[in-house]
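[1] Turn this into a model:
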Amino acid sequence: MTRHRAAVRIAFVILCYGVTAGSAAVSAWQAGLKALAAECGILISSAVAHAPLVRDPLYGETLKREFSVLTPENALKWAEIHPGRFRYDFRQPDAIMEFARSNSAAVHGHTLVWHSQNPAWLTAGTFSREEMVDILREHIQAVAGRYGGIAAWDVVNEALEADGTLRRNL
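    Below you'll find the model as predicted:
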């Protein structure tokens, strides 16, 4: 077990059982982060990248054993899922959703709207305000509609600048 993983488990044991942990804490410790978090009545989440999920069995086994909520890292961002004005590519998020479903994990949808990782057709376009509203509405309805079973969504990610003002961009 890595030092980092051991430190996280120690923190969970202390959080859930206090400093004088008994046999229940020891068995939870051995079960893994997901089981330990469940003992504490909390969920534990991880970002999920598509490539290692489909290429590395250990990655998937770790996600399955240790986490109760999965967050697609990039698969739901516009550049990945909506590469053309009238074209969607749902292959990556579909694979992540199927993995989550088959392993009884909840999904945190990240993200429907963000100032970064947008496709060139969107950022280079010369759309009117009305066209942009229509594009945004259609995008949200297409993605959120397809993945209606997602537990929670980041609808607008990082809408504010560091100084607290509204981000001014596309």
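
[2] contacts, neighbours, all on C-alpha from now
    Noted.

[3] what sits up against the strand ranked longest in the chain?
    Longest strand in the chain, counting residues (DSSP state E): strand 106-114. Residues lying outside strand 106-114 but in contact with it, judged by C-alpha atoms under 8 Å, 6 or more residues apart in numbering, are 68-74, 76-78, 97, 100, 139-140, 143-144, 150-159.

[4] Return the members of those classed as buried.
    68-74, 76-78, 97, 100, 139-140, 143-144, 159 (16 or more other C-alpha atoms under 10 Å).

[5] Would you mind giving the secondary structure of the residue nearest the centre of the chain?
    With distances taken as C-alpha atoms, centre = their mean, Thr71 lies nearest the centre of the chain, 1.4 Å away. Thr71 carries the three-state label strand when classified by DSSP: H, G, I helix; E, B strand; the rest coil.

[6] Contacts for the longest helix anywhere in the chain next, please.
    With DSSP state H applied, the helix covering the greatest number of residues in the chain is identified as helix 129-146. Outside helix 129-146, the residues within contact range by C-alpha under 8 Å, 6+ apart are Leu76, His82, Leu112.

[7] Let me see the ranges of the helices in the chain.
    Along the chain, the segments classed as helices by DSSP H run 3-17, 23-31, 33-39, 50-55, 57-66, 78-81, 91-102, 120-123, 129-146.

[8] All good on my end, thank you.
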